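J.: Sequence and predicted structure, then a few things I'm wondering about:
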Amino acid sequence: ASILSQKVINLNESASLKAAALAQKLISEGRRIINFSIGEPDFNTPDAPSLEAIKAITMGKTHYSNPQGNLDLRESICEKLQRDNALDYGTDEIIVGSGGKHIIYHAFLATINPDDEVIVPSPYWVSYPDIAALCGGKPIIVQPNSESLKLEAEELEKNISAKTKWVVLNSPSNPTGAVYTEDELQAIAEVLKKQPHVLILSDEIYEKFVYPPAKHVSLVNVAPDLKERTLIVNGASKGYAMTGWRIGFGAGSTTLVAAIKKLISQTTTCPSSISQEAAKVAFSETQPSIMMRDSFQGRRDQAVTILSTSELLGDIRKPEGAFYLFLNLEKIVGKQTASGKVLNMDDDVVEFLLEEANVSTVSGSAYGFSPCLRISFACSIEQITQGCQAIVDALASLK
Ligand code: PLP
């Protein structure tokens, strides 16, 4: 018998972290791999938060803090929500955690009873179904029924039951880069208004990377009457190039915030005191994220231009947000490599591209939607040019 719990035996390791780790391993062994599987900006953390962290260390701000997050950090988050999102939250409606993932885990842990259902629209960020299941819930995966790969109101309505505890929304989306419009959110909100027992997780972690003319809108902007039942999740990781600092936050009802605070007091105690000082400054700055967004937009366009030269990739959906391309592999599965291997599914294509093009990507199967491939364009323009061309060339060798 295993020493491990059934919960952990059933848990999958994060597929994107695994793919990125494999690429790193091959690189350290001397392979020249272009890493298109990374889920983080390649920029360094801006100076102001970094210097604030150094100051925090030298001034001895290195102690335990409030499990809800320091008050001045929560004030900075409230100002950010007001300034960037036109949303009005009080500091008692904000919970700071060690990353957005940590907030999602604690929110599910705080609310899910055995067999409660969590609606997760596919393609989904790898962690939602696993975290829901780890917390005793039952993920209900909803397949998209349009080219946009977005959740539609009718599909949502069909899948809500008396057991639904949460509905997960993620805009901009990982892995598709889709950004929900105000009208689309309005339609979803109309369904949710009729279901008062349902909580909504609005994961807005890629908010800062939305390419004009697309605009980021929160569900709470279009439906303020859903504010009490919605937990907005955001953080420092993506928009502020601070993935390693581990600061995320939730904005929601005081009941839920207090419950998460209680849990954190028994799990991680509080987020890193030094990272909190840095994040307080990061959330007050808007300029660095605009610079990153403009840079990512150019990289996106470069990747799309090169990849579009492959007939096998067809019409590439240009993502309106985040830094991912989600390619459709329908014309590629079933093809044969020069050595005669049949690419039966997207996992085979990922392996083929790693071997033949020296490019690391993540399979659509990791996001519950096949046959697809996720490419992160958060790497240098040279790597994008070289890596995308290598993909096009490798695909041209298929029979
Ligand atoms: N939500 C989405 C959609 C993500 O892609 C990620 C990171 O990859 C997160 C949340 C969590 O980020 P963090 O825990 O670094 O704040």
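T.: Yep, it's here.
J.: Counting neighbours, what do you get for Glu182?
T.: Glu182 has 11 neighbours, counted by other Cβ atoms under 10 Å. In short, each C-beta sits where N, CA and C put it, glycine included.
J.: An error on my part: the question was meant for Leu226.
T.: Count around Leu226 with other Cβ under 10 Å applied: 20.
J.: just the one 3 residues further on next, same as before
T.: Other residues near Arg229 come to 22 when the count uses other Cβ under 10 Å.
J.: try Val233
T.: Residues lying near Val233 (other Cβ under 10 Å) number 26.
J.: got the contact list for the residue of the stretch 251-399 of the chain found nearest the ligand?
T.: Going by Cβ to the nearest ligand atom, the ligand is nearest to Ala322 of the stretch 251-399 of the chain, at 7.7 Å. For Ala322, the contacting residues are 172-174, 177, 206, 209, 238, by Cβ atoms under 8 Å, 6 or more residues apart in numbering.
J.: hmm, who's touching stretch 375-385?
T.: With Cβ under 8 Å, 6+ apart as the criterion, stretch 375-385 contacts 34-42, 296, 298-300, 302-303, 306-307, 323-327, 361, 387-388.
J.: Tabulate the contacts of Ala322 in JSON lines, adding columns for distance to Glu355, secondary structure and pLDDT.
T.: Output for the contacts of Ala322, formatted as JSON lines (distance: Cβ to Cβ, whole Å; DSSP: H, G, I helix; E, B strand; the rest coil; pLDDT from 0 to 100):
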{"residue": "Pro172", "distance to Glu355": "31", "secondary structure": "coil", "pLDDT": "98"}
{"residue": "Ser173", "distance to Glu355": "29", "secondary structure": "coil", "pLDDT": "98"}
{"residue": "Asn174", "distance to Glu355": "26", "secondary structure": "coil", "pLDDT": "97"}
{"residue": "Gly177", "distance to Glu355": "27", "secondary structure": "coil", "pLDDT": "98"}
{"residue": "Tyr206", "distance to Glu355": "31", "secondary structure": "coil", "pLDDT": "98"}
{"residue": "Phe209", "distance to Glu355": "31", "secondary structure": "coil", "pLDDT": "98"}
{"residue": "Lys238", "distance to Glu355": "30", "secondary structure": "coil", "pLDDT": "97"}
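J.: now, which of these sits nearest Leu313?
T.: Comparing the contacts of Ala322 against Leu313 with Cβ to Cβ places Gly177 closest, at 15.5 Å.
J.: The closest one and Gly321 touch, don't they?
T.: Yes. Contact criterion Cβ atoms under 8 Å: Gly177 and Gly321 qualify, at 5.3 Å.
J.: And Ser310, how far from Leu325?
T.: 13 Å (Cβ to Cβ, to the nearest Å).
J.: Grab the nearest non-local neighbour of Cys270.
T.: Ser65 (4.5 Å; Cβ to Cβ, 6 or more residues apart in numbering).
J.: no wait, Leu26
T.: Excluding the flanking residues, the one nearest Leu26 by Cβ to Cβ, 6+ apart is Ile33, at 5.0 Å.
J.: For Leu149, which non-adjacent residue is spatially closest?
T.: Thr176 (4.8 Å).
J.: pretty sure the one you found is in contact with Pro319, am I right?
T.: Yes. Taking Cβ under 8 Å as the definition, Thr176 is a contact partner of Pro319 at 6.7 Å.
J.: anything in contact with each of the two?
T.: The contact sets of Thr176 and Pro319 overlap at Phe326 (Cβ under 8 Å, 6+ apart).
J.: Look at the closest residue in space to Gly100 that isn't next to it in sequence and say how many residues are nearby.
T.: Leaving aside its chain neighbours, Gly100 sits nearest to Gly248 (3.5 Å; criterion: Cβ to Cβ, 6+ apart). Other residues within reach of Gly248, judged by other Cβ under 10 Å, total 24.
J.: Please apply the same query to the one 10 residues further on.
T.: Counted by other Cβ under 10 Å, the residues lying close to Ala258 total 14.
J.: Sticking with it, tell me its helix or strand.
T.: helix 254-266 (DSSP states H and E).
J.: and Ser310 and Leu325? which has more neighbours close in?
T.: Using other Cβ under 10 Å as the criterion, Ser310 and Leu325 rank with Leu325 on top: 26 against 20.
J.: For the more buried one, give me phi and psi.
T.: phi -110, psi 140 (degrees, to the nearest 10).
J.: now swap in Gln195 and tell me
T.: Dihedral pair for Gln195: phi -130, psi 80, per degrees, to the nearest 10.
J.: so what's it up against?
T.: Here Gln195 is in contact with 160, 164 (Cβ under 8 Å, 6+ apart).
J.: Could you rerun that using 7 Å?
T.: By Cβ atoms under 7 Å, 6 or more residues apart in numbering, Gln195 lies in contact with Ile160.
J.: and if you look at Phe283?
T.: 76-77, 80.
J.: Just give the nearest non-adjacent residue to Cys388, would you?
T.: Ile306 (3.9 Å).
J.: next one: the strand or helix carrying that neighbour to chain centre, how far?
T.: Ile306 is part of helix 287-307 when elements are defined by DSSP H and E. Centroid displacement of helix 287-307 relative to its chain, using Cα atoms, centre = their mean, to the nearest Å, is 18 Å.
J.: My guess is Leu343 contacts Glu330. True?
T.: No. With contact defined as Cβ atoms under 7 Å, Leu343 does not count as touching Glu330 (11.9 Å).
J.: okay, the two: which has more neighbours?
T.: Using other Cβ under 10 Å as the criterion, Leu343 and Glu330 rank with Leu343 on top: 21 against 13.
J.: Give me every residue in this protein that's in contact range of the ligand.
T.: 39, 99-101, 125, 170, 174, 203, 205, 235, 237, 243, 248 (Cβ under 6 Å from any ligand atom).
J.: Kindly reformat those residues as CSV containing secondary structure and distance to Leu395.
T.: Shown next, in CSV, are these (DSSP: H, G, I helix; E, B strand; the rest coil; distance: Cβ to Cβ, whole Å):
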residue, secondary structure, distance to Leu395
Gly39, coil, 24
Gly99, coil, 36
Gly100, helix, 34
Lys101, helix, 34
Trp125, coil, 27
Asn170, strand, 29
Asn174, coil, 24
Asp203, strand, 32
Ile205, coil, 31
Gly235, strand, 36
Ser237, coil, 32
Thr243, helix, 31
Gly248, strand, 37
